[in-house]
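J.: Predicted model follows, preceded by the sequence.
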Amino acid sequence: MKKSNLIAGVTVFSLILGIFYIVKASNSNIDAPISNMNYLNQTWYFQGGDPTNPDHYSDQPIPNKPCGETEEVICQISAPDSLGKPRMSAIVPDTSPSQTVLQQINEATNNLTPNETALSFREE
C-alpha cells in the first residue's frame, strides 16, 4: 500500500513538473528575432498601405504596377514565410550589426535604396 502511494506521488510530481516545463517553453518570447538559417526566403509583393505591416504583402504582384519603373514605394521584399505573410522579425543574414526584415524595410523606405530585404521599388 505504501509503495503504491509512493509511486502515485512520484508520478503526479513528474506530471506537474513536465507541465510546468511545457508551459514555460510555450511562453518564451515569440516575437524575438529569429535566425533565417532554417527558413527559406521567398518574394513578397507590397500591396499598398503600410510597408511594415506583414498583412499588406502578397505572393502575387500588382499587375498594373510593375517593379523597377519608378522608385516611390517598396515593390518586393525577400523574407521567410510566417503563415502566409512575411516574417518581419526574422534576422537578415550577413548584416552587421544584425538587422531584422522590419529594420531593413524601414531603412529602404527612408532611403529609397534597395538592400538585402527590399529588392525593388515601384510607383505608389
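T.: Looks like it came in fine.
J.: neighbours around Pro61, how many?
T.: 17 (other Cβ atoms under 10 Å). Where you see a C-beta, it was placed from the backbone N, CA and C, and this is true even at glycine.
J.: oh sorry, the question was meant for Glu107
T.: Around Glu107 there are 14 other residues, counting by other Cβ under 10 Å.
J.: so who does it touch?
T.: Neighbouring residues of Glu107 by Cβ atoms under 8 Å, 6 or more residues apart in numbering: Gln99, Thr113, Asn115, Ala118.
J.: now, the most widely separated pair of those?
T.: Pairwise distances across those (Cβ to Cβ) peak at 13.9 Å, for the pair Gln99 and Thr113.
J.: In terms of neighbours, single out the busier of the two.
T.: Each of Gln99 and Thr113 had its neighbours counted (other Cβ under 10 Å), and the higher figure belongs to Gln99 (19 against 11).
J.: list the contacts for that one?
T.: Ile91, Val92, Glu107.
J.: Tell me how far the residue nearest the centre of the chain lies from Ile19.
T.: Nearest to the mean C-alpha position of the chain, counting by Cα atoms, centre = their mean, stands Arg87 at 2.0 Å. Using Cβ to Cβ, to the nearest Å, Arg87 is found at 29 Å from Ile19.
J.: which parts of stretch 56-76 are buried?
T.: By neighbour count on 16 or more other Cβ atoms under 10 Å, the buried set for stretch 56-76 is His56, Tyr57, Pro61, Lys65, Cys67, Val73, Ile74, Cys75, Gln76.
J.: Please render the residues you listed as CSV that adds pLDDT to the earlier fields.
T.: Compiled in CSV, the buried residues of stretch 56-76 are given as follows (pLDDT from 0 to 100):
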residue, pLDDT
His56, 97
Tyr57, 98
Pro61, 95
Lys65, 91
Cys67, 94
Val73, 95
Ile74, 96
Cys75, 97
Gln76, 97
